[in-house]
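Trainee: Compute the structure for the input listed below.
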Amino acid sequence: MNYKRLEIPELILCEPKLHQDNRGFVFEAFKKESFNSFVGFEVDFCQDNISYSRLGVIRGLHTNTYEFAQSKLISVLKGKILDVAVDFRVNSPTFGKVVSLELNSEENKQLFIPRGFLHGFSVLSEDALVMIKIDRYFASGESIGIKYDDEDLAIDWKIDKKFIILSETDKKLSKLKDIKSPFIYGKNYY
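Mentor: Numbers count the residues shown, from 1 in each chain. This is a model prediction of the structure:
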């Protein structure tokens with residue numbers, strides 16, 4: 001596995017080494033020792049979540065309150081998505097900065113998003129199967145989020161607005177400037 005820090009250095013792109021032959025391919029999707037060594041701290045993934053979505057779906061932007069924040073490792077098992085992370089750490093030099101990249105089931109790249117970031121994705125293929133490894137269990141009532149179309153973030157989700165599909169919950173999310181409790185930059189959430 002090759003690891004690469006992105007424009008916000010806490011965000012890490014994981015690029016597998018595919019071993020291909022006439023049968024297909026195999027690759028190492030995750031190796032705790034090398035991953036934690038590159039990240040520089042212990043991430044203890046405890047649960048894998050899988051979501052199925054169809055073309056036009058946007059899920060996000062979400063995180064949990066900081067006492068229940070989760071790190072995430074995003075993989076696409078089928079299809080193609082635009083994966084989006086937003087720095088949600090107040091006083092961070094990159095607070096509110098958006099990093100987005102396409103992930104798909106052909107290249108099998110993964111995105112690591114640590115605690116302190118909002119996360120979301122849009123489905124760019126007919127459908128998509130997405131796996132998200134998390135390092136803390138879900139805490140009911142602790143989810144917070146930002147509107148996908150917040151003008152201060154200006155995210156291009158690569159979907160025509162008339163085809164966007166949102167949950168009722170995501171339609172009611174706040175704007176970034178209206179959130180009262182973002183994360184604190186420099187605080188250790190691990």
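
Trainee: can we go C-alpha only for contacts and neighbour counts from here?
Mentor: Will do.

Trainee: residue with max distance from the center of this protein?
Mentor: Going by Cα atoms, centre = their mean, the residue of the chain most distant from its centre is Asn22, 33.0 Å out.

Trainee: so who does it touch?
Mentor: Not one residue lies near Asn22 by Cα atoms under 8 Å, 6 or more residues apart in numbering.

Trainee: Which pLDDT value does the model give it?
Mentor: Here the pLDDT value assigned to Asn22 is 95.

Trainee: Asn64 too?
Mentor: pLDDT recorded at Asn64 is 89.

Trainee: what does Asp87 give?
Mentor: What the model reports for Asp87 is a pLDDT of 95.

Trainee: Wait, Pro114 touches Glu10, no?
Mentor: Yes: using Cα atoms under 8 Å, Pro114 is in contact with Glu10, at 6.8 Å.

Trainee: From one end of stretch 2-11 to the other, what's the distance?
Mentor: Using Cα to Cα, to the nearest Å, the end-to-end distance of stretch 2-11 comes to 14 Å.

Trainee: Stretch 142-162 now?
Mentor: End-to-end distance of stretch 142-162 (Cα to Cα): 31 Å.

Trainee: Next one, pLDDT for the nearest residue to Ile81 once chain neighbours are set aside please.
Mentor: Nearest non-adjacent residue to Ile81, counting by Cα to Cα, 6 or more residues apart in numbering: Val123, 4.5 Å away. Note on Val123: pLDDT of 98.

Trainee: Kindly report the same for the one 5 residues further on.
Mentor: Looking at Ala128, its pLDDT is 98.

Trainee: same check, this time on the one 10 residues further on
Mentor: Per-residue confidence for Phe138 comes out at a pLDDT of 86.

Trainee: can you count the residues close to the closest residue to it other than its chain neighbours?
Mentor: In space, and not counting its chain neighbours, Phe138 is closest to Phe68: 7.9 Å by Cα to Cα, 6+ apart. For Phe68, the count of nearby residues is 16 (other Cα atoms under 10 Å).

Trainee: which phi and psi does Phe68 have?
Mentor: phi -120, psi 20 (degrees, to the nearest 10).

Trainee: could you list every residue that touches it?
Mentor: 136, 138-139, 142.

Trainee: if you set the cut-off to 10 Å instead, what comes out?
Mentor: Taking Cα atoms under 10 Å, 6 or more residues apart in numbering, we find Phe68 in contact with 115, 136-140, 142-143, 189.

Trainee: now Gly24
Mentor: Per Cα under 10 Å, 6+ apart, neighbours of Gly24: Leu18.

Trainee: about what we covered before: make sure the residue nearest to Ile81 is actually in contact with Gly60.
Mentor: No: applying Cα atoms under 10 Å, one finds Val123 not in contact with Gly60, separated by 11.7 Å.

Trainee: residue ranges for the helices of this structure, please.
Mentor: Counting by DSSP state H, the chain has helices at residues 32-39, 168-171.
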